[in-house]
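Visitor: Provide a 3D model corresponding to the input given below.
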Amino acid sequence: MAEAVTITNREHIEARVLGEQVALMCRLTTSPLTASVVIGAMMVWLTMEDYGWGPALTWYAVLLLVLLLRWRIAATYLRRPRGLAETHRWRRAMLAGAVLGGASWSVAGSFLLPHDPTREIVMSVFFIGCTAAGMGSQAPVRKAYACLLIPFLLPYIVKQLLLGGDRVAVALAFMVYIPVVLVIARRQTDSIERQIRLAIENESLAEQLRQERDRANQANHELEEQLLEQKRSTQRIRELNIELERQAHELRTANNDLEGFSYSVSHDLRAPLRAIDGFSQLVMDDKAKNIGADTRHHLQRIRANVTHMASLIDDLLEFARCGRQSLDFSRLDMAMLASHAAEQARSTRLNAAVMPTIEIGELPAARGDEGLIRQVWVNLLDNAVKYTSKVESPHIVVSGREEGERLVYEIRDNGVGFDSAFSSNLFGVFRRLHGAREYPGSGVGLAIVQRIVTRHGGDVAATAEPNKGATFSFSLPKPVLRAVG
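Guide: Below is the predicted model of the structure:
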């Protein structure tokens, strides 16, 4: 990638160098054109005596057209920057203009030489002056200078060789002059190219530095914004933490007060219930022969409701206890806990006509409070056994699996089921979807399950369909493996 960028930069610099060379060629052309107009007029004056006004002025008119063409090309190119391909075309046009200019001057130097020696010497001086002017204007661009000089001098050299005599020495001098001035022009061109390249590279470096500075300033600005936002976020987090701590303290206080109140109320209700139950039994025993059947029935109903209320109080006390009890975490063999809970659930159905089948699959080990998690299994399996008691072949399946960072355990039965739309009501205290006469219970067992699982960082869920069974599940965080070392 870096090499590709370097190549691209190099090509860009070369294109810039070419553009500057052509622009330099155009700028250096405009000033000598004026001198060429003046010197050309002088050469017309020197040649018209021998060749007449017609040839001299015709040559001068052609020269002016070529000079105008070169000026037009140079002025047009300098108006606006151009692309690489277009620059190449304008460069070829400028070189072609230089060839035409040199060829135009060669006509005067080769074919319009005055016959008078004095005028020829004067014209030769003008001729050499034009050559020097051309070198001064085009030498910094070697190819343009060569295109101007060679057509300019070559016909003159040939003409001097053809004339013979002392003119051969002049021709030889100009033959030596051409390579010398071309070497000088090449050195000037190389020097100017290096200066142009250095200027462009410096400009490119300055632009890169400016861009880097702008990026650094932008990065600093963004960093300052991020730091400021981080400070704001930190302050907001600090304020939220304070507010959360306050709310948590208030919640803990409210929960402790509520649980204390529930525990106290439940505990204090035991005494009057025992009194009601005891006095009802005394009435039935002492007045066994004197009370009627209706009175006996009413007393039995009183004792049954006392027993039910005592059961509710016990369950409420258990619910309050599981919320107040501290957690003692250890590794849990979930298969063993589920098996013991299954045996305990079956023991409640010893007098049933059909004993439920409980199938326990492989259960991944977990981490938690063993006593509380055992209570979860007991409540869920007892719930499954209870609601499969009226089907012909009660069947319960216990399974477990890993899901990402959690362990999921399911108890699926083929019992009476329920409408899943009311599943959110199952885990509230004293919430039931079936009548107590159909399926006895207080409606606290699932609430205890939810509280225990929630305290362990897990979730509970239930899905079912009426008369197609139900599936209860709970999840726990996967134990974190500790490195030994």
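Visitor: From here on, just use CA atoms for contacts and neighbour counts.
Guide: Will do.
Visitor: Can you get me a residue count around Thr253?
Guide: By other C-alpha atoms under 10 Å, 12 other residues sit near Thr253.
Visitor: and what of Asp369?
Guide: Residues near Asp369, counting by other C-alpha under 10 Å, number 17.
Visitor: Now do the same contact list for it.
Guide: The contact partners of Asp369, taken as C-alpha atoms under 8 Å, 6 or more residues apart in numbering, are Leu327, Asp328, Phe329, Ser330.
Visitor: Now with 10 Å, please.
Guide: Contact partners of Asp369, counting by C-alpha atoms under 10 Å, 6 or more residues apart in numbering, are Ser326, Leu327, Asp328, Phe329, Ser330, Arg331, Leu332, Ile452, His456.
Visitor: filter the residues you listed to the buried ones?
Guide: Leu327, Leu332, Ile452, His456 (16 or more other C-alpha atoms under 10 Å).
Visitor: I'd assumed Leu476 was in contact with the last one.
Guide: So the one you mean is His456. Yes. His456 is within contact range of Leu476, at 6.8 Å (criterion: C-alpha atoms under 10 Å).
Visitor: Mutual contacts of those two, please.
Guide: Shared contacts of His456 and Leu476 (C-alpha under 10 Å, 6+ apart): Arg367, Gly368.
Visitor: Distance from the chain centre to the helix or strand harbouring Arg274, please.
Guide: Using DSSP states H and E, Arg274 maps to helix 167-286. From the chain centre to the centre of helix 167-286 is a distance of 12 Å (C-alpha atoms, centre = their mean, to the nearest Å).
Visitor: Output the contacting helices and strands for that helix.
Guide: The contact analysis (3 or more C-alpha pairs under 10 Å, 6 or more residues apart in numbering; DSSP states H and E) places helix 167-286 against helix 2-51, helix 117-138, helix 142-163, helix 293-324.
Visitor: Share the number of residues neighbouring Glu49, please.
Guide: Counted with other C-alpha under 10 Å, Glu49 comes out at 13.
Visitor: Hmm, it is touching Glu120, no?
Guide: No. Applying C-alpha under 10 Å as the test, Glu49 and Glu120 come out as separate, 12.0 Å apart.
Visitor: Overlap of the contact sets of those two?
Guide: When contacts are counted by C-alpha under 10 Å, 6+ apart, Glu49 and Glu120 have Pro114 as shared neighbours.
Visitor: list the contacts for Ala173?
Guide: Contacts for Ala173 (C-alpha under 10 Å, 6+ apart) come out as Ile157, Arg167.
Visitor: for the helix or strand where Thr454 lies, what is the average pLDDT?
Guide: Here Thr454, judged by DSSP H and E, is contained in helix 445-455. What helix 445-455 shows for mean pLDDT is 83.
Visitor: and if you look at stretch 158-173?
Guide: For stretch 158-173, the mean pLDDT works out to 83.
Visitor: so how many other residues sit close to the residue lying closest to Ala15 once chain neighbours are set aside?
Guide: Spatial nearest neighbour of Ala15, chain neighbours left out: Leu84 (5.9 Å); criterion: C-alpha to C-alpha, 6 or more residues apart in numbering. Residues lying near Leu84 (other C-alpha under 10 Å) number 14.
Visitor: any idea how far Gly19 is from Leu84?
Guide: Distance of Leu84 to Gly19, given as C-alpha to C-alpha, to the nearest Å: 8 Å.
Visitor: just Asp50 next, same as before
Guide: Distance from Asp50 to Gly19, by C-alpha to C-alpha: 46 Å.
Visitor: next one: Ala98
Guide: Between Ala98 and Gly19 the computed distance is 18 Å (C-alpha to C-alpha).
Visitor: more neighbours, these two?
Guide: Ala98 (27 against 21).
Visitor: Identify the residue nearest that one in space, chain neighbours excluded?
Guide: Leu148 (4.7 Å).
Visitor: Next, count neighbours for Ser280.
Guide: Ser280 has 17 nearby residues by other C-alpha under 10 Å.
Visitor: same question, Met334
Guide: Neighbour tally, Met334, other C-alpha under 10 Å: 21.
Visitor: Spit out the contact partners of it.
Guide: Contacts of Met334 by C-alpha under 10 Å, 6+ apart are 340, 362-367, 370, 373-374, 377, 400, 409.
Visitor: Show me how to select, in PyMOL, the buried members of these.
Guide: The buried residues among the contacts of Met334 can be selected in PyMOL (16+ other C-alpha under 10 Å) with this line:
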select buried, resi 363+364+366+367+370+373+374+377+400+409
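Visitor: Among the contacts of Met334, which one sits closest to Gln300?
Guide: Nearest to Gln300, judged by C-alpha to C-alpha, of the contacts of Met334 is Trp377 at 34.3 Å.
Visitor: average model confidence for the strand or helix carrying the closest one?
Guide: Here Trp377 sits within helix 370-387, counting by DSSP H and E. Helix 370-387 carries an average pLDDT of 85.
Visitor: angle of that helix against helix 445-455?
Guide: Calculated by axes from the mean of the first three to the mean of the last three C-alpha atoms, to 10 degrees, helix 370-387 forms an angle of 150 degrees with helix 445-455.
Visitor: Buried residues in helix 370-387, which are they?
Guide: 370, 372-387.
Visitor: how far out from the middle of the chain is whichever helix or strand comes after that helix?
Guide: Sequence order places strand 395-403 as the next helix or strand after helix 370-387, per DSSP H and E. Put simply, strand 395-403 sits 41 Å off its chain's centre (C-alpha atoms, centre = their mean).
Visitor: Next one, pLDDT for Tyr409 please.
Guide: If you check Tyr409, the pLDDT there is 93.
Visitor: Give me the helices and strands touching the helix or strand hosting Gly101, please.
Guide: Under the criterion of DSSP H and E, Gly101 resides in helix 84-111. For helix 84-111, the packing partners by 3+ C-alpha pairs under 10 Å, 6+ apart come out as helix 2-51, helix 53-77, helix 117-138, helix 142-163.
Visitor: so what does the helix holding Trp377 touch, helix or strand wise?
Guide: Applying 3+ C-alpha pairs under 10 Å, 6+ apart, one finds that helix 370-387 contacts helix 293-324, strand 329-332, helix 334-347, strand 357-360, strand 395-403, strand 406-413, helix 445-455, strand 470-477.
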